[in-house]
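Peer 1: Got a predicted model here, sequence first, then my questions.
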Amino acid sequence: MSEECTNAPVPRVTEGPAHAVWDPATRYNLLLGLNNALVNETTRDGLFRSLTKNIRKILEYDRLSISIYDVATEKLSWFASAEGITVKQMDETPRSLDMAAIARAVITSRQPLVIPDMARYRHWNTVRMMMDAGLKATMAFPLMARSNVVGSLNFSFKQTPENLDELAGFLSELSGQVALAVDNMLAHSKLVESNAHLQRQKRYLASQADAQYDPAQFFCANQAMQEIMRQVEIVADSDASVLLTGETGTGKDFVARYLHQLSAQRDSLFVKVNCPALTPSLFESELFGHARGAFTGADAARVGRFEMANGGTVFLDEIGELSPQQQAKLLHVLQDRRFERVGDSRPIEVNFRVIAATNMDLKVAMEQKQFRPDLYYRLETVSFHLPPLRERVDEIEPLLRAVARTQSVAMHRPAPVFSAEAIEALKRYAWPGNVRELKNLVNRLVIVCSGQTVTWREIEPFISCPRSRPDEPRTERADPDAALLSMSAAEREHLVKVLTMTRGVVGGSKGAAAVLQVPKSTLQYRLAKHGLDPKHFGR
């Protein structure tokens, strides 16, 4: 509830004798000296400390504070930590103007307010808190810069000064000078923050620049992949949300970046969000950003991933790993295209394209109440399923040669040459890690077999799979479902062994998820897929 207050100009509180220290010449010299002290300060804290140091030379006060007023939110924040007596209940940021009677009085009236005896205004909550801290009198002055109120300057005392009226006149003049210094500092802070944001964007872009995402390095010898990429090029120039599905390492990250490069958003940022890494405590701060002082350790404002991606593309990688609570918050932003930074009430409007990727079957996850249907249909305007490498055998040889050529140039080494035996063995390999695994294998071979002919002997230490042996007869056009069933059966058997070992415990430091080093939600999804109930493995 707001506090009642009376707005009034500075009264003549006392009629004591004039003091020579306040004659016009002395005032001018004091103001000039103060101005020279403030002009070289480049930080809020430095400016405030210089101000308090110089004022204390001519005036004994018990508390000095500067409040900053935000017209958009009608909230007050401290320019810097108050000097002198601490008023714990007040020294918080931000606070509503309605709950700060003294600051509200001078900001709304644009006139100074002098209270020689605060006991008369004890019904004001602000005054009551100041009196409880031992203060008796206070003076507040509006900070006016370019016809705008930027805040208030407040002096408080344990004992009422005898020359309060004369003092108020001088401090009223002083407030005009302080207002200009504060306003300039606020403008400087905004420029610093803006520059820091641009630098963060620059570093982010530099970290994302990688030759492996060059479209020229993407090879589609397989007919199914060629058709997918043709459809990707058709969809790219729209702003439709895209959902990419497929096993880990099939190239979802590459396709997402390729979509961005072909889109109308290509000149803005491509911002990747690794969903499994978003813990509940970091989710909002990472995506929405936070205001300065929003929580312990938030020493500066932070721009979130969504704000950074405004005008560009957000890539939500492994979106199936988000918790239901996180999914709800994400859906709200995607629907409204607005959010608030943590610790700030100002809405930020954004417009970006959404590309999401997952190795889960989200339809199964929806049936199991692990994924929100409304979020799924918001993301799946267009969807592409990337087949695993074992179903794209005709791409293995050109990929081997292309990756070897690219990596050898990057490492300044001669490229290895793959023998026919090695290529046939790799075509029989199941590639559980898909294209990513192939690239890692080639990287190793570029190092250990630089400029040499690669045979099965060189490959065998890096691959352990019965289907890879060169002497195994190859069945042409082998049924891919048989391979999938074999892998599925192997996965189920391994899950059974781990559940037996952990006696059905899934979570915790000694649970099956920790043993397998996978998120608990991923393991639960896999267990449901194989029809395994952890309860059946208990004691």
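Peer 2: Right, received. Where do you want to start?
Peer 1: can you pull the contacts of Asp239?
Peer 2: 263-265, 353 (C-beta atoms under 8 Å, 6 or more residues apart in numbering). The way it works is simple: take the backbone N, C-alpha and C, and place the C-beta from them, glycine included.
Peer 1: Would you confirm that Leu523 contacts Val515?
Peer 2: No: in this structure, Leu523 is not within contact of Val515 by C-beta atoms under 8 Å, at 9.5 Å.
Peer 1: Same drill for these two, tell me which one is more crowded.
Peer 2: Using other C-beta atoms under 10 Å, the more surrounded residue of Leu523 and Val515 is Leu523, with 23 against 16.
Peer 1: mind listing what that one touches?
Peer 2: Here Leu523 is in contact with 506, 512-513, 516 (C-beta under 8 Å, 6+ apart).
Peer 1: name the element Gly151 belongs to?
Peer 2: Assigned by DSSP states H and E, Gly151 belongs to strand 148-157.
Peer 1: So which elements touch that strand?
Peer 2: Counting contacts by 3 or more C-beta pairs under 8 Å, 6 or more residues apart in numbering; DSSP states H and E, strand 148-157 packs against strand 63-70, helix 101-109, strand 137-145, helix 164-208.
Peer 1: With mean pLDDT, mean neighbour count and distance to Arg346 added, can I get the ones you listed in CSV?
Peer 2: Formatted as CSV, these follow (pLDDT from 0 to 100; neighbours: other C-beta atoms under 10 Å; distance: least, C-beta to C-beta, whole Å):
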stretch, mean pLDDT, mean neighbour count, distance to Arg346
strand 63-70, 91, 22, 8
helix 101-109, 92, 22, 19
strand 137-145, 93, 23, 21
helix 164-208, 77, 16, 14
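Peer 1: Paired strands for the strand holding Gly151, with orientation please.
Peer 2: Partners of strand 148-157 in the sheet, by DSSP bridges, are strand 63-70 (antiparallel), strand 137-145 (antiparallel).
Peer 1: Do a quick rundown of the strands in the stretch 401-539 of the chain.
Peer 2: Ranges of strands within the stretch 401-539 of the chain are 417-418, 453-454, based on DSSP state E, counting those that start in this stretch.
Peer 1: count of residues packed around Gln325?
Peer 2: 10.
Peer 1: Distance check, it against Ser147.
Peer 2: According to C-beta to C-beta, to the nearest Å, Gln325 and Ser147 sit 47 Å apart.
Peer 1: related to what we said a few turns ago, how about TSV for the contacts of Leu523, with pLDDT added?
Peer 2: TSV is the format used below for those (pLDDT from 0 to 100):
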residue	pLDDT
Val506	86
Ala512	87
Ala513	86
Leu516	85
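Peer 1: can you pick the most crowded of the residues you listed?
Peer 2: Going by other C-beta under 10 Å, Ala512 tops those with 27 neighbours.
Peer 1: isn't that residue right up against Val506?
Peer 2: Yes: with contacts counted by C-beta under 8 Å, Ala512 reaches Val506, the gap being 5.2 Å.
Peer 1: any common contacting residues for the two?
Peer 2: What both Ala512 and Val506 touch, as defined by C-beta under 8 Å, 6+ apart, is the set 523, 534.
Peer 1: quick one: contacts of the strand holding Gly151?
Peer 2: Strand 148-157 has contacts (C-beta under 8 Å, 6+ apart) with 59, 61-69, 76, 79, 84-85, 102-103, 106-107, 110, 130, 135-144, 171, 174-175, 178-179, 182-183, 186.
Peer 1: Which positions in it come out as buried?
Peer 2: For strand 148-157, the neighbour count (16 or more other C-beta atoms under 10 Å) marks 149-157 as buried.
Peer 1: Just put the residues you listed in JSON lines and tack on distance to His412.
Peer 2: Output for the buried residues of strand 148-157, formatted as JSON lines (distance: C-beta to C-beta, whole Å):
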{"residue": "Val149", "distance to His412": "63"}
{"residue": "Val150", "distance to His412": "58"}
{"residue": "Gly151", "distance to His412": "59"}
{"residue": "Ser152", "distance to His412": "64"}
{"residue": "Leu153", "distance to His412": "64"}
{"residue": "Asn154", "distance to His412": "66"}
{"residue": "Phe155", "distance to His412": "68"}
{"residue": "Ser156", "distance to His412": "69"}
{"residue": "Phe157", "distance to His412": "73"}
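Peer 1: follow-up on the earlier one: would you mind saying which of the helices and strands packed on strand 148-157 lies nearest Arg372?
Peer 2: Closest to Arg372 of the helices and strands packed on strand 148-157 is helix 164-208 (C-beta to C-beta; 28.9 Å).
Peer 1: packing partners for whichever helix or strand comes after that closest one?
Peer 2: For helix 164-208, the following helix or strand on the C-terminal side (DSSP H and E) is helix 223-236. With contacts defined as 3+ C-beta pairs under 8 Å, 6+ apart, the packing partners of helix 223-236 are helix 252-262, strand 382-385.
Peer 1: Would you tell me what the next helix or strand after helix 223-236 is?
Peer 2: Using DSSP H and E, the helix or strand that follows helix 223-236 in sequence is strand 242-245.
Peer 1: How far off centre is that following strand?
Peer 2: Here strand 242-245 shows a centroid-to-chain-centroid distance of 23 Å under the convention C-alpha atoms, centre = their mean, to the nearest Å.
Peer 1: Just the CA atoms of it, as CSV, please.
Peer 2: Presented in CSV, the C-alpha positions along strand 242-245 are these (Å, rounded to 0.1, in the frame of the first residue of the first chain):
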residue,chain,number,x,y,z
VAL,A,242,11.6,-26.6,-37.7
LEU,A,243,12.0,-29.8,-35.8
LEU,A,244,15.0,-32.0,-36.6
THR,A,245,15.0,-35.6,-35.3
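Peer 1: Let me know the average pLDDT across that strand.
Peer 2: The average of the pLDDT scores along strand 242-245 is 96.
Peer 1: got it, and stretch 321-333?
Peer 2: Stretch 321-333 shows a mean pLDDT of 93.
Peer 1: Please list the outside residues in contact with it.
Peer 2: Here stretch 321-333 makes contact (C-beta under 8 Å, 6+ apart) with 275-276, 278, 280, 283-284, 287-288, 306, 316, 339, 350, 370-372, 374-375, 378, 519, 521-522.
Peer 1: Thank you kindly, that will do.
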